[in-house]
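In: Need a 3D model of the following:
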Amino acid sequence: MDHIDTPSLEQIRHELRARLLADTLRSFTIFGDRALALAGKSPEAPRGLVTPPLDHVLGRAPLEPSLEDIELAALPVGKTVDAMYDYAFSARHPLGMTPNHFSDEVEAVEDFVLSFKSDLFDLFLRDPIHSQGAPQGALESLCLHTRARLYFDKGEMLHLDQVALLAGLNERSVRNATSAADPQQRLHASDDFVENTEARRWLRSKRSFKPTVFPEVSEVPGEHPNVISNLQDLGRYLDVRWQGLGKSLDDVVAELGWDKQKAAYLRALPAEPQLLDPRDCEAIAGTLLVSPAWLVKQVMQLKYPRQVELLLQASAMSSLLPARGSLDPEVGDAAMLSTRLVFVLHDGTRLFPCRMKNRLTKRVAFRLSPGGTGGNTLEAGEEVEDEDRMIDLVVNHGYAVRMASERGGMKSLYKLAGRAVSHAFLDGKQVGAT
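Out: Coordinates of the predicted model:
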């Protein structure tokens with residue numbers, strides 16, 4: 001059976017920014033600087049939206065708007081879309097919210113993505129200056145996956161294409177299942193619709209189906225979820241956890257002893273969790289009766305995911321590098337290791353490409369082989385002095401390279417795709433299909 005593709009969260013965010021920018025420019029093209037006043041807003045742009053360059057719209061300035069100016073975390077639609085992604089593709093229902101409540105929030109996104117049609121809107125959306133190559137269809141796919149799971153969780157009847165989305169299969173495969181010879185494998189449908197109980201029975205037999213997880217917020221001191229997946233969940237976690245501990249926001253303010261300005265900031269956090277300053281996590285964790293380290297980690301990963309990823313890569317890489325003082329004297333001199341590339345064997349041994357000295361030419365270089373008959377000989381091999389060139393040949397072109405452990409042993413040829421290799425890391429990031 002063929003499986004369907006899943007859009008990435010970054011693709012979805014990119015398209016959402018493009019749609020928000022296109023709609024903002026469309027509104028200002030029609031209404032000018034009265035657009036916000038007509039919507040009952042202040043003359044300033046809503047928090048999170050790019051301030052529309054009105055002079056540019058009127059052709060009086062060279063400035064171009066940028067998608068990066070739209071801060072999705074500050075917009076309700078941005079937080080809802082992130083929660084929809086976790087729900088649709090990771091089967092994790094939002095914290096502290098019923099399916100009916102979540103359905104109302106999803107409907108607002110659906111109205112914007114599926115129902116809103118405008119030639120002028122499409123014109124802006126297709127303009128490469130404004131859309132900046134944003135993919136089309138990722139948001140629609142998200143809405144369809146989310147609605148399918150909501151119907152499933154709410155006990156409603158599902159269409160065959162919704163069953164296909166939940167199963168991670170294409171609709172043709174699911175239609176074929178309606179006429180399967182085996183009664184256990186057959187999906188019973190009527191006019192392309194499937195009763196909820198029948199859909200549940202059939203989906204349980206599919207490996208690719210993920211039952212929805214409904215996380216609960218514990219009231220036990222010290223207990224917390226393993227991870228908070230999105231900013232919407234972070235805000236609801238704060239609210240539900242404080243309520244579960246019998247604390248109002250006034251109680252929390254009094255416990256912290258914060259002034260009026262900080263108190264206003266704290267009261268905004270359940271609805272505006274993106275405002276949470278990591279420097280306040282230790283104090284806030286005390287009111288939640290959870291580990292400060294855990295809360296800091298959640299906030300940092302949600303607010304600065306790329307930076308945290310880089311830090312984790314650096315940490316992982318440091319654990320793979322040879323310990324100081326552990327190098328064999330020969331390795332540290334004539335055959336220096338390249339610690340950027342690490343192969344880990346199935347027994348846990350760490351190997352590094354090593355420069356070796358050619359006794360005839362006195363040249364010190366990495367020794368590589370393209371493979372094939374006689375590939376293990378010096379004559380058939382290739383000597384490469386440049387580390388970047390060596391890495392390119394090994395990682396991208398399938399060459400084998402002489403490798404050694406930090407103690408100088410096992411100077412043999414190893415390939416990235418070799419059966420002896422369990423994992424491979426380049427600059428701390430795993431590479432290759434192992």
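In: Could you use CA atoms for every contact and neighbour count after this?
Out: OK.
In: Excluding sequence neighbours, find me the nearest residue to Lys206.
Out: Nearest non-adjacent residue to Lys206, counting by CA to CA, 6 or more residues apart in numbering: Ala167, 6.6 Å away.
In: tally of neighbours for that neighbour?
Out: Look at Ala167: counted by other CA atoms under 10 Å, it has 23 neighbours.
In: I'd assumed Val342 was in contact with Leu351.
Out: Yes. Using CA atoms under 8 Å, Leu351 is in contact with Val342, at 5.8 Å.
In: who's more crowded, these two?
Out: More neighbours surround Leu351 than the other of Leu351 and Val342, with 31 against 27 (other CA under 10 Å).
In: on that earlier part again, per-residue confidence for the residue nearest to Lys206?
Out: Per-residue confidence (pLDDT) for Ala167: 94.
In: Tell me who's in contact with it.
Out: If you count contacts by CA atoms under 8 Å, 6 or more residues apart in numbering, Ala167 has them with 203, 206, 208-210.
In: Got a PyMOL select line for the buried ones in the residues you listed?
Out: Listed next is the PyMOL selection for buried residues among the contacts of Ala167, using 16 or more other CA atoms under 10 Å:
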select buried, resi 203+209+210
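In: which residues of the chain fall in strands?
Out: If DSSP state E is used as the criterion, the strands of the chain fall at 158-159, 193-194, 341-345, 350-353, 355-357, 364-369, 382-384, 400-404, 412-414, 421-426, 429-430.
In: Closest one of the contacts of Ala167 to Leu312?
Out: The closest of these to Leu312 turns out to be Lys210 (CA to CA; 28.0 Å).
In: if you skip the residues just before and after it, what's nearest to the closest one?
Out: Of all residues not flanking Lys210 in the chain, Ala91 sits nearest, at 6.1 Å (CA to CA, 6+ apart).
In: just Ser103 next, same as before
Out: Residue nearest to Ser103 in three dimensions, not counting chain neighbours: Leu150, with 7.0 Å by CA to CA, 6+ apart.
In: pLDDT weak spots in the stretch 201-350 of the chain?
Out: By pLDDT under 70, the low-scoring segments of the stretch 201-350 of the chain are 313-335.
In: For it, which segments count as helices?
Out: Using DSSP state H, counting those that start in this stretch, the helices of the stretch 201-350 of the chain run over 231-244, 249-256, 260-268, 281-288, 292-303, 305-320, 329-332.
In: what sits up against the fourth one?
Out: Helix 281-288 is contacted from outside by 221, 238, 241-242, 245, 252, 255-256, 291-293, 295-296, using CA under 8 Å, 6+ apart.
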